[in-house]
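In: pasting the sequence and the predicted coordinates here, then a few questions.
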Amino acid sequence: MVKPIFVSTCILLCAGCATVRSARDAQRASGASLPPGERAFSETLFPSKDDNVVTLPEAQRVSLGWHPEMVVATQNVVSAEIAVHQAGVNLRPVLSSSGSYGGSTQASDVNDWDRVTSDSFDASLSLSWVLYDFGRTRAKQRAAVEQLIGASASLRATVLQRTLSVCNAYFSLAEAKAQQAVDIENLRLYSELLRQAELKFKIGKGRNYDITKTRADRSEALLSLLVTSNTIRNAQATLSQELCLKTPVTFEIQPTYKLPQPADVENIDALLGIAKTNNPNLRLLQAKVAAASAAVDQAIADLYPQLRASASTSYGTDPQTWGLSWGASIVQDLFTGWKRRDAIRQSEVGLRQARANLVDQELQITSKLIQAHTAYLTAMQSKLVAEEMQVQTLENYTLEKKQFDLGMSSILELNDAQVLYIKACSSNVKAEYAIEKAKAGIYAIVGIEPQF
């Protein structure tokens, strides 16, 4: 009897060794031994850092591999897998063992305690098994499976959100750098205009007002450049955060990178169809509805009894005895203070709420997709207009510059032409990156990752 108990105990301990070792390794991990997502990313890990340029696909790879949100979402899936395994535990056999040792000494004389002694050893092994519980455990398993599906959908949603966040941060930085180039050109033009205004004044062909006005415009251009420089710093910090960098890092990017066009981007009905199929948030709520329905089955099954079988064996040495017992039982709670009735009502509430949340999510997806599609079309039209305006205002500025150099126009007219040209350049920059951000938003809503 002692040997089987010892063997069974050794088997259980060996089965748990790997799990315990993994948990201890997680406890001991620190510094560089921590896995990605549980420690900050180092910018030295960028393969292209030698060129001081970080590409959007590379930034996306780092974000998906190192951001803490990915760790949390992944571990939620692992937790859901464990819950699925545990959901069926009630229908699995339970094997338990026990052992005890004791002794006693008796003597008629207080000076002699070794005259009568006795030792005893007792051991037992028992097995219990729920044979049938009227679908209670099966309903719990179905709910756990749907929760696992929901956790997987949530992981997918996190991947899409990471993609969208990195794209927005990347394109915001690219837009700020492009605007900085426009501001630098604007400052250069005003510096040249101020030099010419001072020269004309010196030779008696200009006015002091022209110098004052141009200096004020140049100061405003310098201020605009400083604001854009601060915007770049903030955009660098945002992108560094998306890449899980502890401290903001100054790195270069590809300002000309463009996302591929989403499929059927011109057809809103087709996009809605794709979103209703692929959007992970929608799939998550569908899984919650199914899990809530399984919870109703589980609450109703709690009204019925459980059929349980059991067997046990025992051994004792004082006196030496062997025992074997078995049996079957039906367990039923007759009254629990309306707990089971309230559980059924609560499960019904959960089911109705889950359905309402699903409908609300469908409406939100439709609204967000329409807004993103409208933003895309607006940005496309704005880009066409801005490009045309940039060409026209550049031609106008060039003409005014020639006339100014020939003394046929005033410095104010040249200044007006420059203002229109710079404004058109800025509008072109905004429209260009509004298109990219709108495309990234459409990808996220329809549930598809862009092909980098």
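Out: Done, it's in.
In: buried set for stretch 126-136?
Out: Across stretch 126-136, burial judged by 16 or more other C-beta atoms under 10 Å covers V130, D133, R136. Quick note: C-beta positions are derived from backbone N, CA and C, even for glycine.
In: among those residues, which are in strands?
Out: Mapping those onto strands (DSSP state E) picks out V130.
In: which among the buried residues of stretch 126-136 gets closest to V446?
Out: R136 (39.8 Å; C-beta to C-beta).
In: wait, that closest one sits on P305?
Out: No. With contact defined as C-beta atoms under 8 Å, R136 does not count as touching P305 (10.1 Å).
In: keeping just the C-alphas, turn stretch 180-192 into PDB.
Out: Extracted as PDB, the C-alpha positions of stretch 180-192 are listed here (Å, rounded to 0.1, in the frame of the first residue of the first chain):
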ATOM      1  CA  GLN A 180      10.100  72.000 -41.400                       C
ATOM      2  CA  ALA A 181      11.600  72.000 -44.900                       C
ATOM      3  CA  VAL A 182       8.800  74.400 -46.000                       C
ATOM      4  CA  ASP A 183       9.500  76.600 -43.000                       C
ATOM      5  CA  ILE A 184      13.200  76.600 -43.700                       C
ATOM      6  CA  GLU A 185      12.600  77.600 -47.300                       C
ATOM      7  CA  ASN A 186      10.200  80.300 -46.100                       C
ATOM      8  CA  LEU A 187      12.800  81.700 -43.700                       C
ATOM      9  CA  ARG A 188      15.400  81.700 -46.500                       C
ATOM     10  CA  LEU A 189      13.100  83.600 -48.800                       C
ATOM     11  CA  TYR A 190      12.400  86.200 -46.200                       C
ATOM     12  CA  SER A 191      16.100  86.500 -45.300                       C
ATOM     13  CA  GLU A 192      16.800  87.200 -49.000                       C
END
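In: show me which positions of that stretch end up buried.
Out: Those would be Q180, V182, D183, N186, L187, L189, Y190, for stretch 180-192 by 16+ other C-beta under 10 Å.
In: any idea of the pLDDT on the spatially most central residue of the chain?
Out: Geometric centre of the chain, nearest residue: T158, 3.0 Å, by C-alpha atoms, centre = their mean. Per-residue confidence at T158 stands at 95 (pLDDT).
In: likewise the one 5 residues further on?
Out: With respect to pLDDT, T163 has a value of 94.
In: gap between it and T238?
Out: With distances taken as C-beta to C-beta, to the nearest Å, T163 is found 15 Å from T238.
In: compare the two (neighbour count), which wins?
Out: For T163 versus T238, neighbours defined as other C-beta atoms under 10 Å are more numerous around T163 (21 against 18).
In: for stretch 198-213, how far is the first residue from the last?
Out: 11 Å (C-alpha to C-alpha, to the nearest Å).
In: centre of the chain to it, how far?
Out: 60 Å (C-alpha atoms, centre = their mean, to the nearest Å).
In: T231: which element?
Out: If you go by DSSP states H and E, T231 is part of helix 208-242.
In: which strands or helices does that helix pack on?
Out: In terms of contacts (3 or more C-beta pairs under 8 Å, 6 or more residues apart in numbering; DSSP states H and E), helix 208-242 is packed against helix 56-66, helix 136-202, helix 411-446.
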